[in-house]
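Peer 1: Curious how this folds, go ahead:
(2 chains)
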Number of protein chains: 2
Amino acid sequence: MRYAVLGTGDVGRTIGGKLAELGHDVVLGTRDPGATLARTPEDGSGFAAWLEDRAGVRLAAFADAAAHGEVVVNATRGGASLAALDAAGAANLRGKILVDVANPLDTSGGGIPVLDPVNTDSLGEAIQRRFPETRVVKTLNTMNCRIMVDPGRVPGDHHVFVSGNDDGAKTAVRELLFSFGWPGAAVIDLGDIGTARGPEMVLPLWIRLWGALGHADFNFHIQGARAADGRPAD
Amino acid sequence: MRYAVLGTGDVGRTIGGKLAELGHDVVLGTRDPGATLARTPEDGSGFAAWLEDRAGVRLAAFADAAAHGEVVVNATRGGASLAALDAAGAANLRGKILVDVANPLDTSGGGIPVLDPVNTDSLGEAIQRRFPETRVVKTLNTMNCRIMVDPGRVPGDHHVFVSGNDDGAKTAVRELLFSFGWPGAAVIDLGDIGTARGPEMVLPLWIRLWGALGHADFNFHIQGARAADGRPAD
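Peer 2: Predicted structure coming up:
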């Protein structure tokens, strides 16, 4: 399948790389491809070096990437997501599934980031409102990106949440999660896109756990989760 | 030990009842004891009927309850907690451990409650600021009250968080949790009282999970939790 992954940071690279490994045709989107390729940090983490090793992954401007994708993944920084999606263009997103894995962390105050929007709104909802003809599914934002595409990295059962208004889109995202290695029982459908407030507001706890544990190889497991109909979810 | 449990709702009754079962000398605090005893809902959930069956539990005004307690538990509704603690009185709380299990849920908008304060503050911090000579420990707020005092109600491993500035107070609260049935490995110390923002902001996810699962017998387990020093936390 043709995928657009918007964002060339850790999250975009990790998801884009995994999708290419699975045989998909992947274009990563960025604001200015020339600038992205020209950045060569001394630590060797430059995008160009990463891309060289990734057969089946190309780089393009947001709009060209989005036009390419049958499914679009938002892996941009949450504070920049709406601008990135505006650059991608409503026409290039229309009718498509948009998998939103971003968190609207505001780092401008220094110290531990806070969420914006929060509590009475969420990034997932803000994106769905801005692009009403796009089928937004919020998922995977509650864990480190390495776990997103390799859940076995954390031994034992743990969960991934999905929120979205379109049941067909959620079914398709569930299949995507299976292809990443998530077992069926690991996926908890919280409901419509308004429920994205829940998993987004978990980030402040995630950040404190990261600090307290000293590593990011953990994930939330809802012990005792089972559907109201008695079907076990764990 | 002498305990004050402020609040006579489900949470206060559940914690107060458990403390009495464990042999402690418990006074539940309320704004107006006469009014609390006079309320007799048709469903039989009145406080007077509950109290009749509880040897070792008494009812008093907030200030008298707080004066009695060597340890004080805040089990009032979060939106009313600061007023309840003001009524309890700084002098009656001075130097004591205050176990804050409340969540600042604002239901005034109708529908699903939102948090106030949130994101850049928390109820735990607000209480600590208001009562600087009291040793506030935030804990247990991330689960249904029946699980707080009976963790075995949810089979398998799951976690309880503690946040507070005073290490001695956190050690004492850890002992209290053990007496409720929590194993040592289930307690995750997030850090100072500022970290209370994390577990408080989990409530919006808790509420959506309650809706999606159709029951409240679940709790958060941090899969992969282990301390930086390699000591297993699960």
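Peer 1: quick one, what contacts the closest residue to residue A:69 other than its chain neighbours?
Peer 2: Nearest residue to residue A:69 in three dimensions, chain neighbours excluded: residue A:4, at 2.8 Å (Cβ to Cβ, 6 or more residues apart in numbering or on different chains). (Each C-beta comes from the backbone N, C-alpha and C, glycine too.) Taking Cβ atoms under 8 Å, 6 or more residues apart in numbering or on different chains as the criterion, residue A:4 is in contact with A:26-29, A:65-69, A:71-73, A:88.
Peer 1: If we use 6 Å, what do you get?
Peer 2: Applying Cβ atoms under 6 Å, 6 or more residues apart in numbering or on different chains to residue A:4 gives the contacts A:27, A:29, A:65, A:66, A:68, A:69, A:72.
Peer 1: Please, which helix or strand holds residue A:175?
Peer 2: According to DSSP states H and E, residue A:175 maps onto helix A:167-180.
Peer 1: Say whether chain B is contacted by the next helix or strand after that helix.
Peer 2: Under the assignment DSSP H and E, the closest C-terminal helix or strand after helix A:167-180 is strand A:187-191. Yes: part of strand A:187-191 sits near chain B under the criterion Cβ under 6 Å from any Cβ of the partner chain, namely residue A:190.
Peer 1: Can I get strand A:187-191 as PDB, trimmed to CA atoms?
Peer 2: These are the backbone C-alpha positions of strand A:187-191, laid out as PDB (Å, rounded to 0.1, in the frame of the first residue of the first chain):
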ATOM      1  CA  VAL A 187      -6.200  -3.000  21.000                       C
ATOM      2  CA  ILE A 188      -8.800  -1.100  23.000                       C
ATOM      3  CA  ASP A 189     -11.300   1.000  21.100                       C
ATOM      4  CA  LEU A 190     -12.200   3.900  23.300                       C
ATOM      5  CA  GLY A 191     -14.900   5.400  21.000                       C
END
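Peer 1: and the helix or strand following that strand, how far out from the chain's middle?
Peer 2: Once the chain leaves strand A:187-191, the next helix or strand it forms, by DSSP H and E, is helix A:197-200. Average the C-alpha atoms of helix A:197-200, do the same for its chain, and the two points are 13 Å apart (Cα atoms, centre = their mean, to the nearest Å).
Peer 1: got the contact list for helix A:197-200?
Peer 2: Contacts made with helix A:197-200 from outside it, assessed by Cβ under 6 Å, 6+ apart, are listed as A:122, A:141, A:142, A:161, B:204, B:205, B:208.
Peer 1: let's go with 8 Å and repeat that
Peer 2: The list of residues contacting helix A:197-200 from outside it, by Cβ under 8 Å, 6+ apart, reads A:103-104, A:115, A:118-119, A:121-125, A:138, A:141-142, A:161, A:163, A:190, B:204-209.
Peer 1: Using CSV, list the CA coordinates for that helix.
Peer 2: Extracted C-alpha coordinates of helix A:197-200, given in CSV (Å, rounded to 0.1, in the frame of the first residue of the first chain):
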residue,chain,number,x,y,z
ARG,A,197,-8.4,13.4,25.2
GLY,A,198,-7.8,10.3,27.4
PRO,A,199,-4.7,8.9,25.7
GLU,A,200,-3.3,12.4,25.1
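Peer 1: Do a quick rundown of the helices in chain A.
Peer 2: A:10-21, A:33-38, A:47-52, A:62-68, A:81-88, A:90-93, A:123-130, A:145-148, A:167-180, A:197-200, A:203-213 (DSSP state H).
Peer 1: any chance of those in TSV, plus mean pLDDT and mean neighbour count?
Peer 2: Conversion of those to TSV gives the following (pLDDT from 0 to 100; neighbours: other Cβ atoms under 10 Å in any protein chain shown):
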stretch	mean pLDDT	mean neighbour count
helix A:10-21	98	21
helix A:33-38	97	14
helix A:47-52	95	15
helix A:62-68	98	22
helix A:81-88	98	20
helix A:90-93	98	18
helix A:123-130	98	22
helix A:145-148	98	22
helix A:167-180	98	17
helix A:197-200	98	29
helix A:203-213	97	20
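Peer 1: how about the ones you listed in a markdown table, adding distance to residue B:21?
Peer 2: Formatted as a markdown table, the helices of chain A follow (distance: least, Cβ to Cβ, whole Å):
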| stretch | distance to residue B:21 |
| --- | --- |
| helix A:10-21 | 49 |
| helix A:33-38 | 63 |
| helix A:47-52 | 59 |
| helix A:62-68 | 61 |
| helix A:81-88 | 51 |
| helix A:90-93 | 58 |
| helix A:123-130 | 44 |
| helix A:145-148 | 41 |
| helix A:167-180 | 44 |
| helix A:197-200 | 34 |
| helix A:203-213 | 31 |
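Peer 1: Assess the claim that residue A:54 and residue A:18 are in contact.
Peer 2: No: Residue A:54 is not in contact with residue A:18 according to Cβ atoms under 8 Å; the separation is 10.5 Å.
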